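A.B. asks: sequence and predicted structure below; questions after.
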Amino acid sequence: MASTTVRDNKAQSRFELDVEGAVAFANYRLAPSRVIITHTETPRTLRGRGIASELVKGALELIRADGLKVVAGCGFVVDYLQKHPEFSDLIA
C-alpha cells in the first residue's frame, strides 16, 4: 500500500505519507503536551484504499513515541480513534 513510513514534516506542521508519487497528509497544531490534528487529506486518486488510516496510524505512533497526547480536531481522526482502542491512551 504505502511506499514509505509516515514522517513528521515539522516545517509545514503536518504528518505525511508518500504513495505512488502523491502525498497524503494530516495537518496539526502543537499545544502544551499535545498534538491537535486539524485536517486529513488523501489525494483523490488514492481514496478508498486505506491510505488515510495508514497515515493516521503512523501519526499516532509518532505522537506516542514523543510522549504526547492527541486531540482529534477532524472527523476522520475521531472515527479512527473510536475504531482503534489501542490508541485510547493517547486521547487528551
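C.D. replies: Cool, got the structure.
A.B. asks: buried residues, the longest helix along the chain. List them.
C.D. replies: Secondary structure of the chain read by DSSP state H shows that its longest helix is helix 51-65. Using 16 or more other CB atoms under 10 Å as the test for burial, helix 51-65 gives 51-60, 62-63. From N, CA and C alone the C-beta is placed, and that goes for glycine too.
A.B. asks: quick check: next helix or strand after that helix?
C.D. replies: Counting by DSSP states H and E, the next helix or strand C-terminal to helix 51-65 is strand 69-72.
A.B. asks: elements contacting the longest helix of the chain?
C.D. replies: strand 14-19, strand 22-31, strand 34-41, strand 69-72, helix 75-83 (3 or more CB pairs under 8 Å, 6 or more residues apart in numbering; DSSP states H and E).
A.B. asks: any idea what the residue lying closest to residue 39 once chain neighbours are set aside is bridged to?
C.D. replies: Excluding the flanking residues, the one nearest residue 39 by CB to CB, 6 or more residues apart in numbering is residue 27, at 4.5 Å. Assessed by DSSP bridges, residue 27 has beta-bridge partners residue 14, residue 39.
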